[in-house]
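Engineer: I need the structure of the sequence given here:
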Amino acid sequence: MYYAGGDFNDDDDVMASKLGARTHIGTAVSQDGQHWSRIEGEHATGAALEPTGDETRVAFPHVVQQPASAKAQWRMYYSAKTVSDPKRWVLKFAESQDGIRWAKAGSVPMGGAGAHFQGGVARPYVVEDGGRQVMFFEGRAEAGGRSIGRAVSEDAGATWAADDAPVVSAAAAAAAWDSGGVGSPHVLQVGDDGWRMYYQGWSADGGGQKIGIAEAGALDGEWEKL
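Structural biologist: Numbers count the residues shown, from 1 in each chain. Modelled structure (predicted):
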């Protein structure tokens, strides 16, 4: 398991007074899926990945096994915030040979001009699909709206091309439970005939967060909320 955890540093340059805001990425293992033990990372904090440079937060890790031709066996996609642009999530990646020790490898080159992610990209989820990789992500518009976008890589994650429009959007009806925005996609194959996405939604009236389901016949198909 890869997860994000916050420390008790209350003097961040951009998040003063918010305890636990300076997040790191950790690793845990389990023999039965119920009882988990943390693995101490190489950093002094014990984290597998921590903020460096002008980063203030690293979070939302998603790890995929790379093709045999890749230079590293494992790649972690994660989101980061920085001092220089404190309101924007940026997508980055790290690589590892063993899934325990990680080396940061830079930002994810996201191609495309869709307005739904020009304000930031967070919470990536990557699926292998017949030699290509398909990424679903939480896109943030400059105006602040959140939706779920999709991008495809044909070269093992070296470059990405994002759709011009989101695949799942906030509900148009103001009273809907997910009218305020959608994000945090997790995508699973359902049998041989389709795909299911679990996502998080927010109501426009501040009524809280809930989990929704959408389905599609193919990863690059149309997604329909259930």
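
Engineer: helix or strand with the lowest mean pLDDT in this structure?
Structural biologist: strand 110-111 (a mean of 88; mean pLDDT, DSSP states H and E).

Engineer: direction included, what does that strand pair against?
Structural biologist: According to DSSP bridges, strand 110-111 forms sheet pairs with strand 160-162 (parallel).

Engineer: helix or strand right after the partner strand?
Structural biologist: strand 181-190 (DSSP states H and E).

Engineer: residues in contact with the residue positioned nearest the centre of the chain?
Structural biologist: Nearest to the geometric centre of the chain sits residue 123, at 1.9 Å (Cα atoms, centre = their mean). Applying Cβ atoms under 8 Å, 6 or more residues apart in numbering, we find residue 123 in contact with 60, 79, 137, 138, 183, 184, 185. In this view, the C-beta of every residue, glycine as well, is placed from N, C-alpha and C.

Engineer: now what about stretch 200-209, what contacts it?
Structural biologist: 146, 170-171, 174-184, 210-212.

Engineer: which parts of this protein belong to which domain?
Structural biologist: 1-107, 119-226 (automatic domain parsing).

Engineer: okay, now residue 89: neighbour count?
Structural biologist: By other Cβ atoms under 10 Å, 23 other residues sit near residue 89.

Engineer: same thing with residue 192?
Structural biologist: For residue 192, the count of nearby residues is 5 (other Cβ under 10 Å).

Engineer: which of the domains of the chain has the lowest mean pLDDT?
Structural biologist: Lowest mean pLDDT within the domains of the chain: domain 1-107, at a mean of 85.
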